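A.B. asks: Have a look at this prediction, sequence included:
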Amino acid sequence: MAAIAMVLTVFNGCTKEELKTSPDEVVAKTDKADVYLENGYLAFKNMNAVDSVINLLSKMSRNEKDLWEQKIGLTSARYEFDKLFDEYEKITSKEEFLKFKAKYAIQLKFNEMDDTDCSIDYPFISTFFVPVLNKKGIFKVGLSLFQFTKENEIIVLDGDMKKLENPSAYSNDKNVIVTLNLKSGGRNEMDQLIDNFGGWKTRGDRRLLNELRISHFISWNQPVIGGTTFVTKAYQIYLRQRCQKDAFIGGWKDYSTTYSVKNFLYKIGSGKTENLFDDISPEVNPKYDWPIYGYHIDLTYGGGVDFNYLERPLTSMQADVSCRGFDGIPYQISYVKHYSFP
């Protein structure tokens, strides 16, 4: 195995021009070679194209996302979830929540570890890629098909849909990778928590959770040529914010709100300290992800696939964080790993 290229992608937020881009303009600019609809899911040329679309969608309102999806013919996981969240927002008691939970036990994920947490979530093991998933949790990058379920992530490197539909029948196929999120925190988990900054911070009837997280993945970008496979391994580092309100006795509940970051600094690897941005998110539910840094490395493989992930780059970050409804001035979170800020 020999590295043939290394590509570093640093997220500095969207440019002013991107912030002004309308859904119609996005569709007009979409190059079929980069992203298109295939068999009901989005197909991307490479992970850079995924990064671009996720960044763009993160700046859109719900209505703008709906229009964008209608234009390209996509029924997304986000669209299906928003309809259920509309119903969830009308809940006014713990009893109503328990009935809702029983009704949508399959379609949604609930916190089974805390009886006071009446939150809901997408039914996927990881939700960073939700903006580009269809309602079955599928998207495609290069040749590779990805699917997220409640229990695992399935990657079919050669893009064979039959293998995705029945991965257990291909347990000896090196092109089929099934990963689980284990409580051990091993580096081969596809989505990991780096730090939660002390957990929930409560003010009045609201509480805010901030998590520095990392997702990683592998995909084939090109067909096998002369026995050589071109593979991309990558990390995405991001800050996740989630706010809840004390909606009724014995129940913290998600709600639609906007999130904010100020004085956001980060340093990754040997790079310089970067001032990411001061920004406020669109109104979203149930949480918001701020992409910080993407790390892509392209490799050649002559044989079987090695699914050991890249070593996580050294990371430091700090920001002042808040959300609408969380009264008072923003408070600072900080994570330092071998680096400090001046």
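C.D. replies: Happy to help now that I have it. Numbers count the residues shown, from 1 in each chain.
A.B. asks: ranges for the strands of the stretch 1-150 of the chain?
C.D. replies: In the stretch 1-150 of the chain, the segments counted as strands under DSSP state E, counting those that start in this stretch are 2-10, 35-38, 41-44, 109-110, 120-121, 138-141, 144-148.
A.B. asks: Now stretch 313-333: buried residues?
C.D. replies: Residues of stretch 313-333 classed as buried: 313, 315-319, 321-326, 330, 333 (neighbour count, 16 or more other CB atoms under 10 Å). In this view, the C-beta of every residue, glycine as well, is placed from N, C-alpha and C.
A.B. asks: which SS class is the nearest residue to Ile292 once chain neighbours are set aside?
C.D. replies: In space, Ile292 comes closest to Ile237 once its chain neighbours are excluded; the distance is 4.8 Å by CB to CB, 6 or more residues apart in numbering. At Ile237 the chain is in strand, as set by DSSP: H, G, I helix; E, B strand; the rest coil.
A.B. asks: ok, what's across the strand from Ile237?
C.D. replies: Ile214, Tyr293 (DSSP bridges).
A.B. asks: show me what contacts it?
C.D. replies: Ile194, Leu212, Arg213, Ile214, Ile268, Pro291, Ile292, Tyr293, Gly294, Tyr295, Pro313, Thr315 (CB atoms under 8 Å, 6 or more residues apart in numbering).
A.B. asks: Dump those residues into a markdown table; add distance to Asp66 and pLDDT as well.
C.D. replies: Below are the contacts of Ile237 laid out as a markdown table (distance: CB to CB, whole Å; pLDDT from 0 to 100):
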| residue | distance to Asp66 | pLDDT |
| --- | --- | --- |
| Ile194 | 33 | 89 |
| Leu212 | 30 | 94 |
| Arg213 | 27 | 92 |
| Ile214 | 30 | 88 |
| Ile268 | 34 | 85 |
| Pro291 | 22 | 88 |
| Ile292 | 27 | 87 |
| Tyr293 | 30 | 85 |
| Gly294 | 27 | 83 |
| Tyr295 | 32 | 81 |
| Pro313 | 36 | 79 |
| Thr315 | 35 | 86 |
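A.B. asks: all helices of the stretch 101-250 of the chain, in order?
C.D. replies: Here the stretch 101-250 of the chain has its helices, by DSSP state H, counting those that start in this stretch, at 161-165.
A.B. asks: From Asp254, how far out is Ala247?
C.D. replies: 9 Å (CB to CB, to the nearest Å).
A.B. asks: And Lys140, by the same measure?
C.D. replies: On the measure of CB to CB, Lys140 and Asp254 end up 30 Å apart.
A.B. asks: Give me the more crowded residue out of these two.
C.D. replies: Lys140 (24 against 21; other CB atoms under 10 Å).
A.B. asks: returning to what we had before: out of the buried residues of stretch 313-333, which one sits closest to Asp278?
C.D. replies: Ala319 (9.3 Å; CB to CB).
A.B. asks: quick one: Val178 and Ile154 touch, right?
C.D. replies: Yes - under the criterion of CB atoms under 8 Å, Val178 makes contact with Ile154 at 5.3 Å.
A.B. asks: what do those two both touch?
C.D. replies: Common neighbours of Val178 and Ile154 (CB under 8 Å, 6+ apart) are Pro167.
A.B. asks: what about the two, which has more around it?
C.D. replies: More crowded of Val178 and Ile154, by other CB under 10 Å: Ile154, with 21 against 16.
A.B. asks: Give me the local confidence score for the more buried one.
C.D. replies: At Ile154, the pLDDT value in this model is 92.
A.B. asks: Would you agree it is in contact with Leu164?
C.D. replies: Yes - Ile154 is in contact with Leu164 according to CB under 8 Å; the separation is 6.2 Å.
A.B. asks: Quick check: neighbours shared by the two?
C.D. replies: The contact sets of Ile154 and Leu164 overlap at Gln147 (CB under 8 Å, 6+ apart).
A.B. asks: what's the model's confidence in stretch 100-114, averaged?
C.D. replies: In this model, stretch 100-114 carries a mean pLDDT of 96.
A.B. asks: what's the distance between it and the middle of its chain?
C.D. replies: Centroid separation for stretch 100-114 versus its chain: 20 Å, with CA atoms, centre = their mean, to the nearest Å.
A.B. asks: Adjust the sequence numbering to begin at 522 for everything that follows.
C.D. replies: New numbering, starting at 522: the last item is stretch 621-635.
A.B. asks: burial of Val571, as a residue count?
C.D. replies: Count around Val571 with other CB under 10 Å applied: 26.
A.B. asks: Bridged to the nearest residue to it once chain neighbours are set aside, which residues?
C.D. replies: Nearest residue to Val571, sequence neighbours excluded (CB to CB, 6+ apart): Phe565, at 5.0 Å. Beta-bridge partners of Phe565, counted by DSSP bridges, are Val556, Val662.
A.B. asks: Phe565 reaches Val662, doesn't it?
C.D. replies: Yes - between Phe565 and Val662 there is a contact at 5.0 Å, judged by CB under 8 Å.
A.B. asks: Quick check: neighbours shared by the two?
C.D. replies: Contact with both Phe565 and Val662 is made by residues Val571, according to CB under 8 Å, 6+ apart.
A.B. asks: of those two, who's got more company?
C.D. replies: Counted by other CB under 10 Å, Phe565 and Val662 do not tie: Val662 has more neighbours, with 27 against 22.
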